[in-house]
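Participant: Okay, predicted coordinates and the sequence, questions at the end:
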Amino acid sequence: MTETQTPAEAVETSRPTLLEARDLRVEFSSRGRRARAVDGVNLAIGKGEIVALVGESGCGKTTLARTLLGLERPTAGEVRFDGAALDYRARALKAYRRQVQLVLQDPMGSLNPRHTVYEAVAEGPRIHGLADEREVVSTALSHAGLRPPDRFFLRHPHELSGGQRQRVVIAGALALDPKVLIADEPVASLDASVRGEILALLLRLRAELGLSALVVTHDLGLAWNIADRVAVMYLGRIVESGPVEQVLTAPRHPYTQALLSVLPESPERVVLTGEPPDPTRIPGGCRFHARCQVLASGRAAEAGVDGRCRSEPPAVLPADAVARAACHYAEVTG
Amino acid sequence: MTSLAATRRRLALSRFWADFRTHRAGLAGAVILLVAVLLALVAPLFISENVTSVVEGTGQKFAPPSLAEPFGTDESGRSILLMVWWGSRTSLLIGFLAALLSVVIGLVVGVAAGHFRGWLGGALMRVTDWFLVLPSLVTALVLAAILGGSTLTIVTAIAITTWPSTARLIRAQTLAVEARPYIERSKALGAGHWHITTRHVLPNVAPLLLASTTLEVASAIVTESTLAFLGASANKTSWGTMLRASYDFGAATNAAWWYILIPGLAILIVVMAFTLMGRALEAVLNPQLRRKA
Amino acid sequence: MSLLELDDVSVTYRIAAGEVPAVRGVSLTLDSGAALGVAGESGSGKSTLAMALLRLLPGDARVDGRILLGGEDIAAMKWGRLRAVRWAEASIVFQGAQHGLNPVRRIGDQIAEPLLVHGLAKPEGARKRVTELLEQVGLPAWRARSYPHELSGGQRQRVMIAMALACSPRLIIADEPTTALDVMVQAQVLTLIKELVAEHGISLIMISHDLSVLADVCDQLAVMYAGRVVEHGPSAQVFHDPRHPYAKALAAAFPTVGDPASRMAPKGLGGDPPDPMQLPTGCAFHPRCPVALPECASTDVELWPAGPGRVAACVHVRAKEDAS
C-alpha cells in the first residue's frame, strides 16, 4: 500500500484544457442579502493536470467546485468541459457525471453507514447502468489501493480506518472512469501519517490513468506536495494563479504572501487583521484592500497605487498557465 | 454476493432481536398482539357472524357472567365473549388499515416535502400544517357522516386526520439524512430523485416508520371506538359499536357492568400492547437513541 | 520542582468486548512555565492522556500510575479539591470551540461564571476581569455582550482560551486548539498561546497531530504511538532530526513549502494505526515501519537515550547508542 515512492514528475507547462470556468459568477441570497460567493472566476484544468484551489473558508472555493461539478448553477458565465458549455438538462448532466467526479472532505460522512464498501463503490455504476458491475468495482478498488478488492466488499464504513474510507470514496468516483476528479479538502480530516498516502494516490492516478484533478484546500503544503498549478482565491475571486513553484516560492499578491508567512516554518509572520471576509459585503476597489498589509504599511502609497487600490478593482485574471496576480502594486513593481 | 448479503441481513435481524428481547414490556406487548391477531384470524373456524345477530341471541337478556356465559350477555341475549371475539376482527382490521393508509400518505408527503426544497416542499408543508390544525375528531365524524358508514369510510376518515403527524416526523428525518455528505456524493455520481429517496432516505426513515406505524395502529383503534361510540360506525360489530350499544340500551342502569367493561378492557389491552411494542421498537431502531455506543 | 509529573501512567477502558489499553506506561514531567507538545494520530492515546490529567475520563476508564500536579496526587484528591484544581490550577481547551459555549448566554457571563461560582470575585470585579481577559485574547471589551453565534470560529476559540484563563491557572491543556480553524486564524490563535506562555509564565500542554505546529509553540515534544511515548526531546531536534521512524513520518507529513525534496513527493506511512485491542507484538509500530528488523516483532522496545535530553523507543536508536 505504500505509494510514497512515486517519482517527482516534470511539470509540463501547457496542456489542452479539459474543464474550464469562464467569467463564472454564483450568487446566493443569504439572510436577505445577496452573497456573491463566486464573483468572476476564470479557471482552467488541463488534461492530466493537478490544480490546487487555495483559500480560507468563506472565500467561495467550495461553491466554485460545486459549480464546476454542475451541482450548482452559475448566475452568469459558464462551465465548459472538453470545449463545450455545460448543458444543465437532466440527461446531459447525468452524462457529465461520468466525466467529472467528486471526493469530499469527510470520508465517514460521504459513505452511507448502512451500505457496504461494495454497494458504495457500485452506486455510480448502478445509476449509470454499467455492465460488469463486479469487475468495475474490483478494478476501482484496486486502483484506489484497496487490494485484494474482494476482501473489502462486505465491510461497512465503520469497520475501516479513515484512510481506507477515503480510498473507498475515491474508488466510488473512479468506478465511473472519469477524466477529472474534484477533491474538496481530501485529506483535511485524515491522520497525518495517512495524508501523504492519499495524496500519493492522486499523483499515481494521474500517472496511471491520466486523471486531472482540482484539489480544493486551505493547505498550501498540500499544493506544494502534488499540484502543478495553484490558484489562490479571496472573496469570490482568484487573486493569484500560476505554476506552484513560482506562486509559492515567489508570491506576488499580498494575500498569498500573508498565507505563506503564517506557515509554521516561515521566518516572518504577517497576520492579517480586520473583519473576516464576508461575501455579502465585498469592498469596493481591490477587494483585499481593507486587510492589505502592503497598503497598510504605506508601500502602496510609495508606489503611487494606493488610490487605485481603494477605488479601482483589479482586472479578472485570465485562465492561463502563466503566473499572474490581481494586484495594482504587483503590477507596478513587477 | 447475494448469499453473503443475505447472511449480513440475517445477522442484522438477529442483532435486532437480541436488542428487542431486552425490552421486557415490548416483548409482552408483542406476545399479546400475536395472540390477539391469531385469535381474530382463526375466529371464523369456530364461530360466525351469527354471534352478532339479534335473531340468534338465545340466552337471557343481561345475564351476568356465569360458567355458561363467562362474560355475560347483552340486551338481546347475545354472548359478550363471542361478540368481543368477533368484534376484534373489525377493530383490528380498521386499526391496521387506517394506520397503513395514514403512514403511506405521511411517508410520501413527508419524503417529498423533505426532498424537494423549493415551492413543492413548501406547498406540501402548508397542506400538512392545515390538516394538522383541523380538529381531527370532528373532521372524522363529518367525513364518516358524508361518506356513509362502511369499513372503508371509517379507515379513510381516520387516515385523513392522522397522517400529518407522520408526515412531519418523516420530513424531519428526511431533512437530516439529506444534509449528510453522502447525499452530495450520490448526486455527484449522477443520482436522481428516485435513487436518492429510495436508496438513501427510505432505508433511513424505515425503522422510524415501523415504530410510528405501531403506535398509529393503537391510536386508530381508539379513534374507531370513539367514532363508533359517537355513532359513526362501519355497521359491523366492533369493540366501539359494542360500547355504543351498551350505552344505548342502558347497560349502566341495568347494572350490566360486564357489557361496558369487557369491550373497554379489550380496547385497553390491545392498545396498551401496541404502545408497549411501539416504544420498544423506537428504542431499538431509532438511531438517535441508539448511537450512544 | 516540576509542576506536573506523570509516573508510569496507563489508562485502560473496560468495554463489553474486553479491556482496551489506550495509554500504556507514560512518564513525563513538565516544569513551571514550560510548554510540552504531545503529538500522535487518532487512537494514539494523546487525548485520553490529557483527560486523565484532570480526571475527566468516563467511569469505564481505569487509570494506573501516578499523576502529580504541584506535588499533589490527582487520584487522591477529594471531589471539592479536584473541582478547585480544574479551574484554578489547570484548565483545558478543547478543539470544538463551537460546542464548548452555551449558545443562549452572553460571552461575558460565561467567562465570569467560574469567578463567581468559586467566589473569586464580586460581580463588579468579575466584569472588570472579563474585560481584561478579552483584551488578553485580543477581543474588544464590547464582545462581552455578544452571543456565541455572533462570533467567528477563531473568535470563539479565543473566548474558550479566555475562559480557561479566567481563574489564572498555572497550567493550560490545549487539545487540538486550532484544528478546525483557517490558516490565518490558526496563526492568530497560536501566536496568542505563545504569548501567554512567554509573558504570563503559564505552563502549556498542547496536543496535536501536526508536528510543525507543536514544534513552533512548544519547547519539548513527545510523540505518542499506540498509547506509548516513542520519542521525547527538545522540539526543534525532534522535528528536524527525528530518531524514531514514526516521528520521522509525522515530521514529513506536513511539508515545508519551497523544500524541493517534498515537491511532487507527498510522504506518508503505509498501513493504519493499530487496533488497541490487538496490538502487534514487540514494537507496536513494526508492521508499518519502513526500517523494521526481524527482531522488532519480538523485542520489547523501551525509551533509550538518543542524544542529550532525548529518548526514543527504537532498536536502531539503541544500536546507535551502543556503538558510540
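Facilitator: Looks like it came in fine. Residues are numbered from 1 along each chain as shown, chains lettered A, B, ... in the order given.

Participant: bridging residues for residue A:19?
Facilitator: residue A:45, residue A:81 (DSSP bridges).

Participant: That one and chain C: what is the separation?
Facilitator: 21 Å (CB to the nearest CB, to the nearest Å). Backbone N, C-alpha and C define where each C-beta goes, glycine included.

Participant: for that residue, what are its contacts?
Facilitator: A:44, A:45, A:68, A:79, A:80, A:81, A:100, A:180, A:212, A:214 (CB atoms under 8 Å, 6 or more residues apart in numbering or on different chains).

Participant: ok, now with 10 Å
Facilitator: A:43-47, A:49, A:51, A:68-69, A:79-82, A:86, A:99-100, A:179-180, A:182, A:212, A:214 (CB atoms under 10 Å, 6 or more residues apart in numbering or on different chains).

Participant: cool, and residue B:205?
Facilitator: Here residue B:205 is in contact with B:107, B:110-111, B:114, B:169-174, B:176-177, B:197, B:212 (CB under 10 Å, 6+ apart).

Participant: So which residue is dead centre in chain C?
Facilitator: residue C:207 (2.4 Å; CA atoms, centre = their mean).

Participant: Is that residue in a helix, a strand, or coil?
Facilitator: The three-state assignment at residue C:207 reads strand, by DSSP: H, G, I helix; E, B strand; the rest coil.

Participant: Tell me where the model's unsure across the stretch 1-150 of chain B.
Facilitator: When residues are selected by pLDDT under 70, those of the stretch 1-150 of chain B lie in B:1-5, B:8, B:54-59.

Participant: and if you look at the stretch 151-293 of chain B?
Facilitator: If you take pLDDT under 70 as the line, the stretch 151-293 of chain B has these spans: B:234, B:286-293.

Participant: which residues in it form helices?
Facilitator: Along the stretch 151-293 of chain B, counting by DSSP state H, counting those that start in this stretch, helices occupy B:151-178, B:181-188, B:193-195, B:202-229, B:239-248, B:257-285, B:287-290.

Participant: Tell me, what's the model's pLDDT at residue C:1?
Facilitator: pLDDT for residue C:1: 63.

Participant: what's the answer for residue C:178, then?
Facilitator: In this model, residue C:178 carries a pLDDT of 78.

Participant: Residue B:186 - nearest residue in space that isn't next to it in sequence?
Facilitator: Leaving aside its sequence neighbours, residue B:186 sits nearest to residue B:196 (CB to CB, 6 or more residues apart in numbering or on different chains; 5.8 Å).

Participant: My read is that the one you found contacts residue B:187, right?
Facilitator: Yes: between residue B:196 and residue B:187 there is a contact under CB atoms under 10 Å: 7.1 Å.

Participant: so what sits against both of these two?
Facilitator: Common neighbours of residue B:196 and residue B:187 (CB under 10 Å, 6+ apart) are residue B:178.

Participant: which helix is the longest one in chain C?
Facilitator: Longest helix in chain C by number of residues, with DSSP state H as the criterion: helix C:183-200.

Participant: and it, what other elements does it pack with?
Facilitator: With contacts taken as 3 or more CB pairs under 10 Å, 6 or more residues apart in numbering or on different chains; DSSP states H and E, helix C:183-200 sits against helix A:254-261, strand C:35-39, helix C:123-136, helix C:153-165, strand C:171-175, strand C:203-208, helix C:211-217.

Participant: Average pLDDT for it, rounded please.
Facilitator: 83.

Participant: and if you look at stretch C:40-57?
Facilitator: pLDDT averaged over stretch C:40-57 gives 87.

Participant: Between the contacts of residue B:205, which sits nearest residue A:142?
Facilitator: residue B:177 (31.0 Å; CB to CB).

Participant: how about the nearest residue to the closest residue to chain A within the stretch 51-200 of chain C, chain neighbours excluded?
Facilitator: Across the stretch 51-200 of chain C, no residue is closer to chain A than residue C:187, which sits at 3.5 Å (CB to the nearest CB). Nearest non-adjacent residue to residue C:187, counting by CB to CB, 6+ apart: residue A:262, 3.5 Å away.

Participant: can you list the helices of the stretch 151-293 of chain B in CSV and add distance to residue C:219?
Facilitator: Formatted as CSV, the helices of the stretch 151-293 of chain B follow (distance: least, CB to CB, whole Å):
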stretch, distance to residue C:219
helix B:151-178, 46
helix B:181-188, 40
helix B:193-195, 56
helix B:202-229, 50
helix B:239-248, 80
helix B:257-285, 52
helix B:287-290, 45
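
Participant: check contacts around the residue lying closest to residue C:259 once chain neighbours are set aside.
Facilitator: Among residues not flanking residue C:259 along the chain, residue A:224 sits closest, at 7.9 Å (CB to CB, 6+ apart). Counting by CB under 10 Å, 6+ apart, residue A:224 makes contact with A:52, A:230, A:244-245, A:248-249, A:263, C:255-259, C:262-264, C:266.

Participant: Residue 102: which element?
Facilitator: No chain specified, so I'll use chain A. strand A:100-103 (DSSP states H and E).

Participant: Name every strand pairing with that strand and say which way it goes.
Facilitator: strand A:180-184 (parallel).

Participant: For chain A, which residue occupies the most central location?
Facilitator: Closest-to-mean residue, chain A, CA atoms, centre = their mean: residue A:216 / 2.5 Å.

Participant: Helix or strand: which one has it?
Facilitator: Residue A:216 belongs to strand A:212-217, assigned by DSSP H and E.

Participant: pLDDT averaged over the helix or strand just after that strand - what is it?
Facilitator: Using DSSP H and E, the helix or strand that follows strand A:212-217 in sequence is helix A:220-226. Mean pLDDT, computed over helix A:220-226, is 93.

Participant: Under a three-state scheme, what state does the closest residue to chain B within the stretch 201-324 of chain C occupy?
Facilitator: Residue nearest to chain B within the stretch 201-324 of chain C: residue C:277 (15.5 Å; CB to the nearest CB). The three-state assignment at residue C:277 reads helix, by three-state DSSP.

Participant: Give me the domain ranges for chain A.
Facilitator: With automatic domain parsing as the criterion, the domains of chain A are listed as A:17-233, A:246-333.

Participant: Highest mean neighbour count out of these?
Facilitator: Sort the domains of chain A by mean neighbour count, taking mean count of other CB atoms under 10 Å in any protein chain shown, and domain A:17-233 sits at the top with a mean of 21.

Participant: Helix, strand, or coil at residue 108?
Facilitator: Reading this off chain A. Applying three-state DSSP: residue A:108 is helix.

Participant: Assess the claim that it and residue A:163 are in contact.
Facilitator: No: applying CB under 10 Å, one finds residue A:108 not in contact with residue A:163, separated by 11.7 Å.

Participant: And the helices in the chain?
Facilitator: Picked chain A for this. Under DSSP H, chain A gives helices at A:61-68, A:90-97, A:107-110, A:117-127, A:133-143, A:162-174, A:192-209, A:220-226, A:244-249, A:254-261, A:293-296, A:299-302, A:306-311, A:328-333.

Participant: Please refer instead to chain C.
Facilitator: C:46-53, C:79-88, C:107-117, C:123-136, C:153-165, C:183-200, C:211-217, C:235-240, C:245-253, C:315-323.

Participant: May I see those arranged in TSV, with mean neighbour count as well?
Facilitator: Below are the helices of chain C laid out as TSV (neighbours: other CB atoms under 10 Å in any protein chain shown):
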stretch	mean neighbour count
helix C:46-53	23
helix C:79-88	14
helix C:107-117	20
helix C:123-136	17
helix C:153-165	24
helix C:183-200	19
helix C:211-217	23
helix C:235-240	19
helix C:245-253	25
helix C:315-323	15
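
Participant: Could I get these in JSON lines, plus columns for distance to residue C:286?
Facilitator: As requested, the helices of chain C are exported to JSON lines (distance: least, CB to CB, whole Å):
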{"stretch": "helix C:46-53", "distance to residue C:286": "21"}
{"stretch": "helix C:79-88", "distance to residue C:286": "39"}
{"stretch": "helix C:107-117", "distance to residue C:286": "46"}
{"stretch": "helix C:123-136", "distance to residue C:286": "47"}
{"stretch": "helix C:153-165", "distance to residue C:286": "38"}
{"stretch": "helix C:183-200", "distance to residue C:286": "34"}
{"stretch": "helix C:211-217", "distance to residue C:286": "21"}
{"stretch": "helix C:235-240", "distance to residue C:286": "21"}
{"stretch": "helix C:245-253", "distance to residue C:286": "10"}
{"stretch": "helix C:315-323", "distance to residue C:286": "9"}
